[in-house]
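Q: Sequence first, predicted coordinates after that:
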Protein chains: 2
Amino acid sequence: MRGAFIGVGVGPGDPDLLTVRALRALGDADRVFSPTMAVDAVGRAESIVRQADPAIRVERLVFAIRRDEDARSKAHQEAANRIVACVDAGERVAFITLGDPNVYSTFHHLARLVVEQRPHVPVETVPGIMAFQDLASRAGLVVLDGTERLQLVSAVDGVGAVEAALDDEGAAVIVYKGGRHLPAIAKRLEAKARLDGAVFGELLGLPGERIGAVKEYADAPAAYLATVIVPPAR
Amino acid sequence: MRGAFIGVGVGPGDPDLLTVRALRALGDADRVFSPTMAVDAVGRAESIVRQADPAIRVERLVFAIRRDEDARSKAHQEAANRIVACVDAGERVAFITLGDPNVYSTFHHLARLVVEQRPHVPVETVPGIMAFQDLASRAGLVVLDGTERLQLVSAVDGVGAVEAALDDEGAAVIVYKGGRHLPAIAKRLEAKARLDGAVFGELLGLPGERIGAVKEYADAPAAYLATVIVPPAR
């Protein structure tokens, strides 16, 4: 039996940001699953993998992303059951995830449900380039120099976490999932005199990509997976 | 003239963690430079690239890593002059760097010196997998879940930065360049009740790699580029 469950990070959007290890893991897998909103919707991770290697066949697992906790739990459990059936058949099952599978990813929730049922199934992950790295590269921004610190926060619950991180003036602050709150984030940056130099990016590596100064884009909400980088006070 | 200067992240050690974009950038470059301690010393970044693609010829730029500020400045300026001569000849010049070129890398110091002399030379970077991502993957550690925060600090100047970051109990704390201070870091982790679950890694993807619990390795200093990940209190 070679059954295994592997979380594969596919980066933020551009297929050439996949690693050699990720491509090999996908090529070696007997089955590649992708999270999606509906069975007929091609998710962002699936789109990346199809461009990287059209020979890889991606199957969709429908997840309820909405805030309905019960629906989400049920979807996760159904996905886990499907994965367990595959590993029971001896398959190496890959699950593709945007960015890195150990940073804000659904992968380990699924892995936990799989391991609850099959404690001896090997679980592996393949790291992936994170959105902030791609944004820093495209914007020509040095994130950390010397002994500067980094704070990475999620704004999915609001701007409170951003505000606290900004108090650390010597730290680069990276904000994920803050698209909806972009105007409020820009106000906080301005109040702390850190709006200048802050960069914004959404749909990185995808059609309609937007990259620029936060102050240029702060008049309206942005995409859910928008990224903001605030450089340290230098 | 197609002269350009490109910082290429080659990841922490394992050649299969290079991205497709990095391999392409190295293949397209007219010249690939690598930082090294001596002209006859194969640096870690060079070793990674040679394994990833033996056809790529890597030339060494000797950097003084010691704490002699003058010697370091002089070495950087000589390296920049060499790079300027190459871009003046119309070459695409790649400079390889461990991890990511925008996170604690020497690349942008060189780039600044090059641009001082040739303001119109295009400067690009290619992101690379960072050591903490590889360590998390190898150790089976979920770095961030839900709305958890991350603090990344350098311990090159001592454990003060680590101590401050540990006060944020809900944050994952990642410590870079803390090898020399590993016993002191472990003591601080114990004092804050965060030693259990903290993982350590050095020489990731290289011969002699060590990965395990911080408390297993805390009796002696570790390699300069050691990585520690302290998960959030969960």
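A: Noted; the coordinates are in hand. Numbers count the residues shown, from 1 in each chain, chains lettered A, B, ... in the order given.

Q: the domain parsing of chain A - what is it?
A: Here the domain parsing of chain A from automatic domain parsing is A:4-126, A:131-230.

Q: is the longest one up against chain B anywhere?
A: The one in question is domain A:4-126. Yes: residues of domain A:4-126 contacting chain B under C-beta under 8 Å from any C-beta of the partner chain: A:11, A:14-21, A:23-24, A:52, A:100-104, A:108, A:123-126. Heads up, the C-betas are built off the backbone N, CA and C, glycines and all.

Q: Going by neighbour count, which of these are buried?
A: For these, a burial check counting by 16 or more other C-beta atoms under 10 Å in any protein chain shown picks out A:11, A:14-21, A:23, A:52, A:100-104, A:108, A:123-126.

Q: Among those residues, name the ones in strands.
A: The members of these that map onto strands under DSSP state E are A:123-126.

Q: in stretch A:98-117, what's buried?
A: Those would be A:98-111, A:113-115, for stretch A:98-117 by 16+ other C-beta under 10 Å.

Q: what sits against the nearest residue to A:A111 once chain neighbours are set aside?
A: Once flanking residues are discounted, A:A111 sits nearest to A:V123: 4.8 Å by C-beta to C-beta, 6 or more residues apart in numbering or on different chains. Neighbouring residues of A:V123 by C-beta atoms under 8 Å, 6 or more residues apart in numbering or on different chains: A:4-7, A:111, A:114-115, B:140.

Q: next helix or strand past the biggest helix by length in chain A?
A: If you go by DSSP state H, chain A has its longest helix at helix A:69-88. Next helix or strand after helix A:69-88 toward the C-terminus (DSSP states H and E): strand A:92-97.

Q: tell me the mean pLDDT over that following strand?
A: Averaged across strand A:92-97, pLDDT comes to 98.

Q: any idea how far the residue nearest to A:A64 when sequence neighbours are not counted is from A:V214?
A: Leaving aside its sequence neighbours, A:A64 sits nearest to A:A71 (C-beta to C-beta, 6+ apart; 4.0 Å). Using C-beta to C-beta, to the nearest Å, A:A71 is found at 34 Å from A:V214.

Q: Give me the more crowded residue out of those two.
A: Legend: neighbour count by other C-beta atoms under 10 Å in any protein chain shown for A:A71 and A:V214, higher for A:V214 (25 against 13).

Q: Apart from its chain neighbours, what residue comes closest to A:A226?
A: A:G179 (3.6 Å).

Q: Could you verify my assumption that that neighbour touches A:V228?
A: No: taking contacts as C-beta atoms under 8 Å, A:G179 lies outside contact range of A:V228: 9.2 Å.

Q: Looking at those two now, which is surrounded by more residues?
A: Per other C-beta under 10 Å, whichever of A:G179 and A:V228 has more neighbours is A:V228, with 29 against 22.

Q: Poorly predicted segments of chain A, please.
A: A:1, A:65-67 (pLDDT under 70).

Q: The same query, at a cut-off of 80, please.
A: Residues of chain A that meet the criterion pLDDT under 80 lie in A:1, A:64-68.

Q: how about the strands in chain A?
A: Assigned by DSSP E, the strands in chain A fall at A:4-9, A:31-36, A:58-62, A:92-97, A:123-126, A:149-154, A:171-176, A:199-202, A:210-213, A:227-230.

Q: ok, back up a step: counting by contacts, list what the longest helix of chain A packs against.
A: Packing partners of helix A:69-88 (3 or more C-beta pairs under 8 Å, 6 or more residues apart in numbering or on different chains; DSSP states H and E): strand A:4-9, strand A:31-36, strand A:58-62, strand A:92-97, helix A:107-117.

Q: would you turn these into TSV with distance to B:Y224?
A: Listed next are those as TSV, based on distance: least, C-beta to C-beta, whole Å:
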stretch	distance to B:Y224
strand A:4-9	27
strand A:31-36	39
strand A:58-62	41
strand A:92-97	32
helix A:107-117	31
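
Q: Looking at these, which is nearest to B:L203?
A: Closest approach to B:L203 among those (C-beta to C-beta): strand A:4-9, 22.3 Å.

Q: Using PDB, list the CA coordinates for the closest one.
A: This file holds the C-alpha atoms of strand A:4-9, laid out as PDB (Å, rounded to 0.1, in the frame of the first residue of the first chain):
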ATOM      1  CA  ALA A   4      -0.700   8.900   1.200                       C
ATOM      2  CA  PHE A   5      -2.200  12.400   1.500                       C
ATOM      3  CA  ILE A   6      -0.100  15.300   0.200                       C
ATOM      4  CA  GLY A   7      -0.800  19.000   0.500                       C
ATOM      5  CA  VAL A   8       0.800  20.800  -2.500                       C
ATOM      6  CA  GLY A   9       1.400  24.500  -2.400                       C
END
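
Q: so what does it touch, helix or strand wise?
A: Using 3+ C-beta pairs under 8 Å, 6+ apart: strand A:4-9 touches helix A:20-28, helix A:69-88, strand A:92-97, helix A:107-117, strand A:123-126.

Q: Figure out which of these is closest to A:V199.
A: The nearest among the helices and strands packed on strand A:4-9, by C-beta to C-beta, is strand A:92-97 at 24.2 Å.

Q: Listing partners with orientation, what would you give for that closest one?
A: Using DSSP bridges, the strands paired with strand A:92-97 are strand A:4-9 (parallel), strand A:31-36 (parallel).

Q: just the ones you listed: most buried one?
A: Greatest average neighbour count among those goes to strand A:4-9 (a mean of 25), per mean count of other C-beta atoms under 10 Å in any protein chain shown.

Q: what comes into contact with that strand?
A: Residues from elsewhere that reach strand A:4-9 (C-beta under 8 Å, 6+ apart): A:22, A:25-26, A:29, A:83, A:87, A:92-102, A:105, A:107-108, A:110-111, A:114, A:121-129.

Q: repeat that with 6 Å
A: Contacts to strand A:4-9, defined as C-beta atoms under 6 Å, 6 or more residues apart in numbering or on different chains, come from residues A:22, A:25, A:92-97, A:99-101, A:107, A:111, A:114, A:121-128.

Q: hang on, the earlier thing: so the residue nearest to A:A226 is in contact with A:A218, correct?
A: No: when contacts are counted by C-beta atoms under 6 Å, A:G179 is not listed as touching A:A218 (11.4 Å).

Q: Correct me if wrong: A:L135 contacts A:T227.
A: Yes: the pair A:L135 / A:T227 is scored as a contact, 5.0 Å apart, by C-beta under 6 Å.

Q: what is in contact with those two at once?
A: Counting by C-beta under 6 Å, 6+ apart, the shared contacts of A:L135 and A:T227 are A:G201.

Q: ok, A:L26 - contacts?
A: A:32, A:56, A:94.

Q: Identify, from those residues, the entry nearest to A:A233.
A: For the contacts of A:L26, the nearest to A:A233 is A:A94 (42.1 Å; C-beta to C-beta).

Q: Excluding chain neighbours, what is closest to that closest one?
A: Distances taken as C-beta to C-beta, 6+ apart place A:A29 nearest to A:A94, at 3.8 Å, with adjacent residues excluded.

Q: Quick check: the gap between that neighbour and chain B.
A: 15 Å (C-beta to the nearest C-beta, to the nearest Å).

Q: Same check on A:E216?
A: 21 Å.

Q: I'd like to know how many residues surround that residue.
A: Neighbour number of A:E216 under other C-beta under 10 Å is 12.
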